[in-house]
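Novice: Have a look; sequence and predicted model below, questions after that.
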Amino acid sequence: MRLTILGGGGFRVPLVYRALLRDRGAGRVTRVALHDVDAGRLAAVARVLADQASGVADAPEVTVSTDLDEALRGADFVFSAIRVGGLDGRAADERVALAEGVLGQETVGAGGIAYGLRTVPVAVDIARRVARLAPGAWVINFTNPAGLVTEAMSRVLGDRVIGICDSPVGLGRRVARVLGVDPDEAWFDYVGLNHLGWLRGLRVGGRDVLPRLLADPAALGSFEEGRLFGPEWLDSLGAIPNEYLHYYYFNRETVRAYTDAEQTRGAFLRDQQAGFYGELGRADGAPGSALDAWHRTLAEREATYMAANRDAAGVGERDDEDLESGGYEKIALALMRAISRDERATLILNVRNRSTLSVLDPEAVIEVPCFVDANGAHPVAVDPLPYHAVGLVTSVKAVEREVLAAAESGSRANAVKAFALHPLVDSVPVARRLLDGYTRAHPGLAYLKG
């Protein structure tokens, strides 16, 4: 089976390859094609993968290419993890927003809109190429903003594109750990949009054990989300929000922390990864040195994740037991197995709504538990959202639709509307200045006219 990874020079590609190396089942991935627009990054990641494969019998063969069509031909699965504009673009997204006193995070608020406006046209072009060159392939999308990009690609590929994110799984596993529950034996009642969802229940043997956690302030304060949001607020909500909802519930404090920080997250990662790729771009080094450098960089990256939010909440550094994410590479592998081998699985995924949430239309991409088999991902029926969640979900989906309209038509008016309608942007004049600032920072947004 052949897997094509778009954004193949990305820092987290070795996580995917590590998961592939551990898969010894029939029908496993035997060929991996890496595609990236940056040949230097491709070469660096290929070195890391070669170190990973050293001594592993029948390791998947790796090829690299800067030619997108060449990389797509013959693919059974396409894993999309591109970053249009690179980390320089992410840093600019943060900077422009903060200059207006609003959040510039890469998937939430103004930064997410800017990222979407320059990513959606590229993602749609990729979807069209997949449909032409690999019509039997399934696309697994990890490109951010993941829900928005998945919805854009679904307009071309239908249900053959499925979005993944590790945040819901990481949340579920942390909650299960605190409750002493095996996460593999639990049902997670999770619902929302990507980076905008709530864990509303955790069922074991048909019994919901989440109320036991919500009634225990000490236990609530013992893990990442409990420390971020505070036990009192979680008890009031009656649910555990995805960590990204901290940007909404504590927006003023988070913007202040981002403004006061020595570096934004995007600028930190830009500089950190420049060092990593620069080191690998020099001498070949001893066997294993590329993998060692990658491990060091990964450890620092994970330890500093959402540092500004923790500063805003006054909770200090992350605990070691909270460092493990949901493992997006494991989700991708489980998804591929379920489809290619008809090994049925239950996964939290980004898929078209159909009739799952009555407040959204059937084509809206949502993030919910799904049953997965050889025919793809099928969203599970869920209870209706409470009104406070309905407000956020429908508002953000309206913003996403304006981004899609702007990307399709090139309409500046739609782009301004996307910024102005977002709950974290507080006026129409600010929305106009944000678009002006982003257009100056990103030449690729010159397509927005009128």
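Specialist: The structure has been received and is ready for your questions.
Novice: quick one: low-confidence parts of the protein?
Specialist: The chain contains residues with pLDDT under 70 at 283-284, 305-308, 310-326.
Novice: Can you name the secondary structure element that comes next after the lengthiest helix in it?
Specialist: Ordering each helix of the chain by length in residues (DSSP state H) puts helix 109-133 first. For helix 109-133, the following helix or strand on the C-terminal side (DSSP states H and E) is strand 138-141.
Novice: Give me the sheet partners of that next one and which way each runs.
Specialist: strand 77-80 (parallel), strand 161-163 (parallel) (DSSP bridges).
Novice: Moving C-terminal from the longest one, which element do we reach first?
Specialist: Meaning strand 77-80. helix 86-99.
Novice: From Lys417, how far out is Val428?
Specialist: Taking C-beta to C-beta, to the nearest Å as the measure, Val428 falls 9 Å from Lys417. The C-beta positions use only the backbone N, C-alpha and C, and glycine is treated the same way.
Novice: same question, Thr143
Specialist: 23 Å.
Novice: Please apply the same query to Ala57.
Specialist: 56 Å.
Novice: Neighbour count: those two, which is higher?
Specialist: Lys417 (20 against 6; other C-beta atoms under 10 Å).
Novice: Grab the nearest non-local neighbour of that one.
Specialist: Closest residue in space to Lys417, ignoring its immediate chain neighbours: Glu402 at 4.8 Å, by C-beta to C-beta, 6 or more residues apart in numbering.
Novice: Could you check which helix or strand contains the one you found?
Specialist: helix 387-409.
Novice: How far does stretch 151-164 stretch from one end to the other?
Specialist: Terminal residues of stretch 151-164 are spaced 12 Å apart (C-alpha to C-alpha, to the nearest Å).
Novice: cool, stretch 126-145 as well?
Specialist: 16 Å.
Novice: So what's the gap between it and the chain middle?
Specialist: 16 Å (C-alpha atoms, centre = their mean, to the nearest Å).
Novice: Give me the residue at the spatial middle of the chain.
Specialist: Cys165 (4.6 Å; C-alpha atoms, centre = their mean).
Novice: Name all residues that make contact with that one.
Specialist: Phe142, Ala146, Asn194, His195, Gly326, Tyr328, Ile348, Asn350, Glu367 (C-beta atoms under 8 Å, 6 or more residues apart in numbering).
Novice: Tell me which stretches of the stretch 251-400 of the chain form strands.
Specialist: 345-352, 365-373, 376-379 (DSSP state E, counting those that start in this stretch).
Novice: Serialize those strands to TSV and add fields for mean neighbour count.
Specialist: What follows is the strands of the stretch 251-400 of the chain, written out as TSV (neighbours: other C-beta atoms under 10 Å):
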stretch	mean neighbour count
strand 345-352	22
strand 365-373	22
strand 376-379	20
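Novice: Any chance of JSON lines for those, columns distance to Phe229?
Specialist: Formatted as JSON lines, the strands of the stretch 251-400 of the chain follow (distance: least, C-beta to C-beta, whole Å):
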{"stretch": "strand 345-352", "distance to Phe229": "20"}
{"stretch": "strand 365-373", "distance to Phe229": "19"}
{"stretch": "strand 376-379", "distance to Phe229": "27"}
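Novice: Ok, which of the ones you listed comes nearest His422?
Specialist: Of all those, strand 365-373 sits nearest to His422, with 17.5 Å by C-beta to C-beta.
Novice: angle of that closest one against helix 387-409?
Specialist: Here the directions of strand 365-373 and helix 387-409 differ by 90 degrees (axes from the mean of the first three to the mean of the last three C-alpha atoms, to 10 degrees).
Novice: what's strand 365-373 packed up against?
Specialist: helix 146-157, strand 187-193, helix 328-341, strand 345-352, strand 376-379 (3 or more C-beta pairs under 8 Å, 6 or more residues apart in numbering; DSSP states H and E).
Novice: among those, which is the most enclosed?
Specialist: Most buried of the helices and strands packed on strand 365-373, by mean neighbour count (mean count of other C-beta atoms under 10 Å): helix 146-157, with a mean of 26.
Novice: Got the domain ranges for this structure?
Specialist: 2-162, 168-249, 252-313 (automatic domain parsing).
Novice: Need the winner for burial among the ones you listed.
Specialist: domain 2-162 (a mean of 21).
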